[in-house]
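Peer 1: Need coordinates for the below:
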Amino acid sequence: MRTLPKVPLSFTESLYIGGQWVQPHSTTSIDVVDSSSELVYYSVPNADVEDIGRAITAARTAFDDGPWPRLTHAERARVLLDIADAVEARIDDVVEIWPRETGILASSVDVVMREVIDAYRYYAGLATSFTFEEEVTPTNGADFGMIVKEPVGVVGAIIPWNSPMALMAYKIAPALLAGCTVILKSSPEAPGAGYLMAEIAEQLGLPAGVLNVVTADRAASEALVTDPRVDKIAFTGSTEAGKRIGGILGSRIARSSLELGGKSPAIVLDDFDIAEAAHTIASAECFLSGQICASLTRVIVSESRHDEMVDALAAEFSRVSIGDPYDPDVAVGPVATERQRARIENYIEIGQQEGATLAYGGGRPPHLDRGFFVEPTVFGNVGVTSRLAQEEIFGPVLAVLSARDVDDAVRIANATEFGLNASVFTHESRRVLEIARSLHSGTVGQNGNRADFGIGFGGFKRSGIGREGGVAGLQAYLENKTVVLDARPE
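Peer 2: Next comes the predicted model:
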C-alpha cells in the first residue's frame with residue numbers, strides 16, 4: 001500500500017493562540033488530502049466559533065495592552081527580517097507540503113518562496129523609507145499640524161489554498177510593520193503554510209497574541225468577520241465569498257481589503273507572432289495547474305488569426321506532460337481537490353453545450369487513475385457572453401475569442417464583471433500604453449502575465465477592493481490621524 005512521507009510540522013493537533021499551542025475547543029478535524037494520490041496526508045483541528053473567539057481575544061489583548069503596537073517601526077522591521085530568514089530556512093519543508101496540498105510543481109516552489117522572503121524584507125525596508133508622520137499646514141487658524149499614520153488594529157487575514165505562503169506574506173508583513181495584530185485563518189485544503197508560520201512565530205518569540213493561527217470552515221470563519229473586536233478583514237478568495245464578507249463588514253463599518261476573482265484577457269495584436277504568444281500563454285497556464293486568479297484565460301485575436309491561435313495553443317498543450325508534481329519531467333500537476341476537478345470538468349461540459357469548439361484536452365489523463373488531474377484544455381469559437389468566457393474556472397482552461405479590430409478586442413476584454421489583470425501582446429510599447437488606458441483592469445502588462453505584488457496588485461469592478469503589495473499594501477493597514485496644535489511642540 002502506498003504511503004506518504006511524514007508532514008514536516010510539529011503541532012498539527014493544536015491551534016496557535018496567544019503565543020501558545022492550545023488544545024482546540026472543537027472536537028472535529030479536517031483531513032488534508034494529497035492531490036496526487038488521494039490519500040490523507042495529515043489532519044488539523046477544525047476550529048469552531050469558540051476557538052475563533054479565543055484567537056480574537058488574544059489578538060485584541062495584544063493590540064490594546066501588549067508591547068507590539070508600541071514598538072518603533074524599526075524594531076518591528078527587525079522582526080520581519082528575522083521572519084524572512086526563518087522562512088528561508090524552511091523552504092525544504094514547504095516543498096514537502098505545498099505540492100501535496102495543491103498540485104504545484106515542486107520545482108516551482110523555490111521561485112515563489114524567494115518572492116515570499118523578499119516580501120518580508122521589502123516591508124522591513126519601509127520602516128525607514130515610508131513616511132509615518134508628516135507635518136502639514138493647518139487651514140483652521142492653528143499654527144502646527146501633523147498627519148500620523150497609525151495601525152488599523154486587529155486584522156483577520158483569510159487566505160485561500162492556491163498560494164498560501166505568498167498570499168499570507170502580503171498580509172502579515174505590512175500588518176505587522178504597521179503595528180497591527182493578526183488572526184490568520186488558513187484554508188481547510190492547505191493549512192500547512194499557516195502552521196509553518198505559527199512555528200516560526202513561536203521560534204522567534206513573537207509577543208503573545210501578535211500572530212494567531214487557526215483553520216476553520218466557512219461557518220466558523222464568519223465569526224471572524226462578524227466580531228466587532230476585529231477592525232479589518234484582509235481576504236483573498238472568490239468573488240462570491242468576497243461579496244458576503246464585504247456585506248457583513250459594511251454593516252458594521254469595518255475596514256477591508258478584498259482580492260477576488262478574475263477572467264483576465266490576453267489581447268494578441270497582429271504584429272505579434274502567434275506561436276510565440278501561444279507558447280507564453282500556455283506555459284503560464286500550466287503553472288499551479290491554472291489555479292491562479294490572474295491567469296490570462298481569455299485569448300482575444302483578430303478574426304483572421306483565430307484558427308491559427310487555437311491550433312497553436314492546442315499544439316503547446318499536446319506537448320505538456322501531466323503527472324506527479326515531484327517528477328522533474330512533469331509540466332502540469334493535479335488540481336487541489338476532487339471538488340475543484342469536478343468544477344473544472346463541469347465548465348468543460350458547459351463549454352461544449354454552449355457550442356464552443358473543444359480543440360484539445362477536456363478530460364482526465366488516461367494514464368493516471370489516481371489524483372485530481374485534468375488535461376490542459378483549449379476552446380475556440382467562444383462567445384463573448386458565454387459562461388465559458390464570463391465565469392472564473394480556476395483551472396487549466398483557455399478560451400479563444402475573435403475580434404473585428406483592436407477597438408472590438410478592447411470591448412470584448414472589458415465585457416466581464418471582472419477587472420483583475422490583462423495583457424497586450426505587441427512589440428510596440430506605446431501601443432500597449434494607449435490600449436491600457438481603455439482596459440478596465442488593475443494590471444495591464446505587455447507580452448505576458450505581469451501581475452506584480454512588488455508594485456501593488458488588485459482589481460477593478462468585482463475583482464476586489466484595495467491593493468496588496470507595494471506601498472499601497474502597507475497603507476491598507478494604517479489609519480490617518482490628523483493632529484492640530486496651537487504651536488509647534490518643543
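Peer 1: Walk me through the domains of this protein.
Peer 2: By the assignment in automatic domain parsing, the chain contains the domains 15-260+464-482, 264-453.
Peer 1: Just the element for the most centrally placed residue in the chain, please.
Peer 2: Nearest to the geometric centre of the chain sits Leu167, at 4.6 Å (Cα atoms, centre = their mean). Per DSSP states H and E, Leu167 falls inside helix 164-178.
Peer 1: and the helix or strand that comes right after that helix, which strands flank it?
Peer 2: Where DSSP H and E defines the elements, the next helix or strand beyond helix 164-178 is strand 181-186. Its sheet considered, strand 181-186 pairs with strand 154-158 (parallel), strand 211-215 (parallel) by DSSP bridges.
Peer 1: among these, which is nearest Ala275?
Peer 2: Ala275 lies closest to strand 154-158 among the strands paired with strand 181-186, at 41.1 Å (Cβ to Cβ). (Glycine included, C-beta is placed from N, CA and C.)
Peer 1: CA atoms only for that closest one - export them in PDB, please.
Peer 2: Taking Å, rounded to 0.1, in the frame of the first residue of the first chain, the C-alpha atoms of strand 154-158 are listed here in PDB:
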ATOM      1  CA  VAL A 154      -6.800  43.800  14.900                       C
ATOM      2  CA  VAL A 155      -6.700  42.200  11.500                       C
ATOM      3  CA  GLY A 156      -8.400  39.000  10.400                       C
ATOM      4  CA  ALA A 157      -6.300  37.600   7.400                       C
ATOM      5  CA  ILE A 158      -8.200  35.000   5.400                       C
END
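Peer 1: Tell me what angle that strand forms with helix 164-178.
Peer 2: Strand 154-158 runs at 170 degrees relative to helix 164-178, counting by axes from the mean of the first three to the mean of the last three Cα atoms, to 10 degrees.
Peer 1: So what touches strand 154-158?
Peer 2: For strand 154-158, the surrounding residues in contact (Cβ atoms under 8 Å, 6 or more residues apart in numbering) are 56, 59-60, 63, 168, 171-172, 175, 180-185, 221, 224-225, 229-237, 245, 477.
Peer 1: Now do the contacts for the nearest residue to Val320 once chain neighbours are set aside.
Peer 2: Closest residue in space to Val320, ignoring its immediate chain neighbours: Ala331 at 4.6 Å, by Cβ to Cβ, 6 or more residues apart in numbering. Going by Cβ under 8 Å, 6+ apart, Ala331 touches 105, 286, 320-322.
Peer 1: Show the secondary-structure elements that the helix of greatest length in the chain is packed against.
Peer 2: Looking across the chain with DSSP state H, the single longest helix is helix 106-129. Judged by 3 or more Cβ pairs under 8 Å, 6 or more residues apart in numbering; DSSP states H and E, helix 106-129 is in contact with helix 73-89, helix 91-102, helix 164-178, helix 470-475.
Peer 1: Moving C-terminal from it, which element do we reach first?
Peer 2: Scanning forward in sequence from helix 106-129 by DSSP H and E, the next helix or strand is strand 133-136.
Peer 1: Any chance you could list what contacts that following strand?
Peer 2: With contact meaning Cβ under 8 Å, 6+ apart, strand 133-136 is reached by 144-149.
Peer 1: the inter-axis angle of the longest helix of the chain versus helix 73-89?
Peer 2: 170 degrees.
Peer 1: relative to helix 91-102, how tilted is helix 106-129?
Peer 2: 120 degrees.
Peer 1: one step back: my read: the residue nearest to the centre of the chain touches Thr236, true?
Peer 2: Yes: with contacts counted by Cβ atoms under 8 Å, Leu167 reaches Thr236, the gap being 5.1 Å.
Peer 1: Show me the common contact partners of these two, please.
Peer 2: 159-160, 259, 468.
Peer 1: Could you point out which of those is nearest to Arg364?
Peer 2: Proximity of the shared contacts of Leu167 and Thr236 to Arg364 (Cβ to Cβ) peaks at Pro160, which lies at 24.0 Å.
Peer 1: Just to be sure, the closest one is in a strand?
Peer 2: No: applying DSSP: H, G, I helix; E, B strand; the rest coil, one finds Pro160 to be coil, outside a strand.
Peer 1: Find the nearest non-adjacent residue to it, please.
Peer 2: Nearest residue to Pro160, sequence neighbours excluded (Cβ to Cβ, 6+ apart): Gly237, at 4.9 Å.
Peer 1: Please list all residues in contact with the one you found.
Peer 2: Residues near Gly237 by Cβ under 8 Å, 6+ apart: 158, 160, 259-260.
Peer 1: run the last query once more with 10 Å
Peer 2: By Cβ atoms under 10 Å, 6 or more residues apart in numbering, the contact set of Gly237 is 158-162, 167, 187, 245, 258-261, 293, 464.
Peer 1: Turn those residues into a markdown table, columns for distance to Leu15 and pLDDT.
Peer 2: Below are the contacts of Gly237 laid out as a markdown table (distance: Cβ to Cβ, whole Å; pLDDT from 0 to 100):
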| residue | distance to Leu15 | pLDDT |
| --- | --- | --- |
| Ile158 | 16 | 98 |
| Ile159 | 16 | 97 |
| Pro160 | 20 | 96 |
| Trp161 | 18 | 96 |
| Asn162 | 23 | 96 |
| Leu167 | 20 | 97 |
| Ser187 | 15 | 96 |
| Ile245 | 22 | 96 |
| Leu258 | 26 | 97 |
| Glu259 | 25 | 97 |
| Leu260 | 27 | 97 |
| Gly261 | 29 | 97 |
| Cys293 | 28 | 95 |
| Gly464 | 29 | 97 |
